[in-house]
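# Sequence and predicted structure below; questions after.
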Amino acid sequence: MGMELQDNEGIAMEVQDDGEERDFSDAEAFSSVVEALTGVAMAYNMVDQSDRNQYNNLVSIVDPTPGKGPEEEALLVTALKALTGAISKMDVAFHTSLLSNIFSLCIWNYGYETRKAILELIISLAAVPDKFLNSCLHMLVSNFMAPKRIRQYNTHPRLAEKRNIYGELYVALHHIVDLVPLAPMMLKEIIDKKMPRTTDPKEVLVMFVECMLGLESDEIGEFLGSTLLIKVVELLVDLDVNINWEDIPQDELNKGIFDMELDVEENAHDGAGIGIKPETGKILKGNVFADKLDSLMVLVCEHLDSCASDGHLVKVFDTLAECFRRTVMNAYKSKFVQFVMFYACSLDPEICGLKFAVMLTDIFVSNTEDPTSRMSSVSYLASYLSRAKFVPSSLVASILKRLVEWCFQYCQFRNGCESVVYPKAHRVFYSGCQAVMYILCFRMRQLMDIPQLRSLLFHLPLEPILCSSLEPLKVCLPTIVHEFLRQAKAASLFKTSTCFPYDNLLESEFSKAFGGIERLDMFFPFDPYLLKESDRFMRPNFEFWSMVKTTYSNCNSEDEDEDLDALDDNAEHDNLESNSESDDEIEFSLSRMSITPKPAFHYPMAGNLHNGARMPARIRPSMSPED
């Protein structure tokens, strides 16, 4: 066998037959392929040996084994082009070995001309009614990943062509989808079956996901709907839940979550690598999964950047929100994948950022949602509003107003009905109260610095809620309660401090009880991000505790010192004067900040706080509740 180039006649194929070499033009090559196909299209015992030899010779030319030389590859191109013209002669019953070789071809092993010939043949085969579509789609999806011998070498020349190869696959799939209406549904099923597992090598995960995201951005993504992006997010979740935090050392048991975060900021990005345990700097047990997840988070964030540049982010965000609602929100071991939503919101705060906050709020206040979903949603909401620099203070105030209104109505309904604190029965209420306090730990100073929002804050019925017979200050996490009361005291937020125990707050059994076995009382899903490579997408928009200006903090500039002093001096006066404001003016101020209709607060309540049982606080890492 051999190959020669003939002027103005294209590539000729030499077929060895009876010991003699014969040169074929393109037309003759086509005729030879047709003869090879038809010669064996009959019962095996009726096939002439010369016809079988000719067919076997064709099968050997289309051998998928890598490592072909230039002459062999040129011969393969000729055979593939001839086969494309002879599609009608191909039959599964008689040409099994040839078809097996065709569908086993890996386009990563060949140059552009050969890849083009392979894909043209696959497109033609897929268009044959009710015969080869499934095999063609399987072959193309299998080529989302380069073979192992190529993946192992970062400098392999084929990897440099990765973008081009992906683009060629997209074009082929697009042609098939245009030709065969059934293809999109079948392609979804095949991608689902071909999805890599969390235990697969990182390079396999990266290449497959990279190709999927590119396909999602291509026109074919319109045919597949949200399938591709949802599959990617589900893979991220599977990786995330396989990352396990180590138990906290005994000497950390009494450390509060705000103090703990300062350790995170000092240790999480000190160059020690991926998967750092925040309190101790030790390597995370699941660091292999963290490494894989980190690389995939980079791909997803880059994809979101591209969507934002192309003006498609809002549509993609709606898919992400649906997937978050169904898959991520109640995955209580999730530590990092939720930051996909965080980053998407940061790219479009006005639309996506608002949508996310409102969606979470709506879930929490809905009586038709199950309690666990409501508690999880308000944990996400509190963490999001506290950490996202891009969320405006006006939105924070509006959401706070809705949360406080719900808690106030709950207290009105339950006032005087409880003689003993029973956290499990009111766990949604306590999660709402804790969310309000957590948000204010981060945002109180910002709200107090804006006159309109400050007025709104002073008119919220926080005091009746916290002093109610449900005693949320006894049930919520003491570190949050302590920080909130400390700032509230500095801001003179309450008219009286007699019912607020500002000091010596320790965690009681009530706190753990309302959180349940998932410890949703300690679930702050947007705590500091600990994946090294993808951190660059989150950090610029993330509010660390060390950045927070509290109402009691010392400010650097003299002007800020004066402002803070004035805030403390005038807060009590504002409280006394608040009753003299007209009801219409207050209603107007609150309504402007509201997303939903607001009930009037006509029934202030009071109650006595009893000292709760004390025990040493056990604060686990707030990235994920422990089992």
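Structure received. Numbering: from 1, shown residues only.

# Every contact and neighbour count from this point should use C-alpha atoms.
Fine.

# tell me which element the residue nearest to the spatial centre of the chain is part of?
Closest to where the C-alpha atoms of the chain average out (CA atoms, centre = their mean) is residue 340, at 3.9 Å. Using DSSP states H and E, residue 340 maps to helix 339-347.

# can I get the CA coordinates of that helix in PDB?
Only the C-alpha atoms of helix 339-347 are listed here, as PDB (Å, rounded to 0.1, in the frame of the first residue of the first chain):
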ATOM      1  CA  PHE A 339     -20.300  31.200  44.900                       C
ATOM      2  CA  VAL A 340     -21.300  30.600  41.300                       C
ATOM      3  CA  MET A 341     -24.500  32.500  42.200                       C
ATOM      4  CA  PHE A 342     -22.500  35.100  44.100                       C
ATOM      5  CA  TYR A 343     -20.200  35.800  41.200                       C
ATOM      6  CA  ALA A 344     -23.100  35.900  38.700                       C
ATOM      7  CA  CYS A 345     -24.800  38.500  40.900                       C
ATOM      8  CA  SER A 346     -21.600  40.600  41.100                       C
ATOM      9  CA  LEU A 347     -21.600  40.800  37.300                       C
END
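
# so for whichever helix or strand residue 306 is part of, what's the average pLDDT?
Element membership for residue 306 (DSSP H and E) is helix 287-310. What helix 287-310 shows for mean pLDDT is 94.

# Tell me the first helix or strand C-terminal of that helix.
Following helix 287-310 toward the C-terminus (DSSP H and E): helix 313-323.

# Please work out which residues outside that following helix touch it.
If you take CA atoms under 8 Å, 6 or more residues apart in numbering as the criterion, helix 313-323 is touched by 226, 229-230, 233, 304, 307, 341, 344, 348, 351-352, 356.

# Pull out the buried members of those residues.
226, 229-230, 233, 304, 307, 341, 344, 348, 352, 356 (16 or more other CA atoms under 10 Å).

# surely residue 106 meets residue 64?
Yes: counting by CA atoms under 8 Å, residue 106 touches residue 64, with 7.1 Å between them.

# mind listing the strands for the protein?
Remark: strands assigned in the chain by DSSP state E are 2-6, 10-17, 20-24.

# what does the model give the residue nearest to the centre of the chain for pLDDT?
The model's pLDDT for residue 340 equals 97.

# That one reaches residue 299, doesn't it?
No: between residue 340 and residue 299 there is no contact, the gap being 10.7 Å when judged by CA under 8 Å.

# since we're on residue 438, how many residues are nearby?
Neighbour count of residue 438, defined by other CA atoms under 10 Å: 24.

# If you could redo that for residue 393, that was the one I meant.
There are 17 residues near residue 393, going by other CA under 10 Å.

# try residue 359
14.

# Mind giving me the packing neighbours of the helix holding residue 340?
helix 287-310, helix 313-323, helix 535-538 (3 or more CA pairs under 8 Å, 6 or more residues apart in numbering; DSSP states H and E).

# circling back to that earlier point, list just the nearest of the contacts of helix 313-323 to residue 146.
residue 229 (21.1 Å; CA to CA).

# That closest one: what's it in contact with?
212-213, 216, 319-320.

# nearest residue to residue 533 other than its sequence neighbours?
Using CA to CA, 6 or more residues apart in numbering and skipping residues adjacent in sequence, the residue nearest residue 533 is residue 294, 6.2 Å away.

# who are the neighbours in contact with that neighbour?
Here residue 294 is in contact with 531-534 (CA under 8 Å, 6+ apart).

# Buried ones in the helix holding residue 306, by neighbour count?
Neighbour-count burial for helix 287-310 [16+ other CA under 10 Å]: 287-301, 303-305, 307-308.

# what's the answer for stretch 40-55, then?
Buried-residue list, stretch 40-55, by 16+ other CA under 10 Å: 40-41, 51-55.

# for stretch 362-381, same thing?
362-365, 371-381.

# Okay, helices next: where are they in the stretch 151-300 of the chain?
Assigned by DSSP state H, counting those that start in this stretch, the stretch 151-300 of the chain shows helices spanning 157-160, 162-179, 183-194, 202-217, 220-224, 227-241, 257-267, 287-310.

# Mind putting the buried ones among the contacts of helix 313-323 into JSON lines with distance to residue 481?
What follows is these, written out as JSON lines (distance: CA to CA, whole Å):
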{"residue": "226", "distance to residue 481": "42"}
{"residue": "229", "distance to residue 481": "39"}
{"residue": "230", "distance to residue 481": "38"}
{"residue": "233", "distance to residue 481": "35"}
{"residue": "304", "distance to residue 481": "37"}
{"residue": "307", "distance to residue 481": "41"}
{"residue": "341", "distance to residue 481": "28"}
{"residue": "344", "distance to residue 481": "31"}
{"residue": "348", "distance to residue 481": "33"}
{"residue": "352", "distance to residue 481": "31"}
{"residue": "356", "distance to residue 481": "26"}
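
# which one of these is nearest residue 492?
residue 356 (31.9 Å).

# Who are the contact partners of the closest one?
321, 345.

# So that it lines up with my notes, have the first residue be 23 from now on.
Yes, from this point I'll number from 23; that puts the last item at residue 378.

# This completes my enquiry, with thanks.
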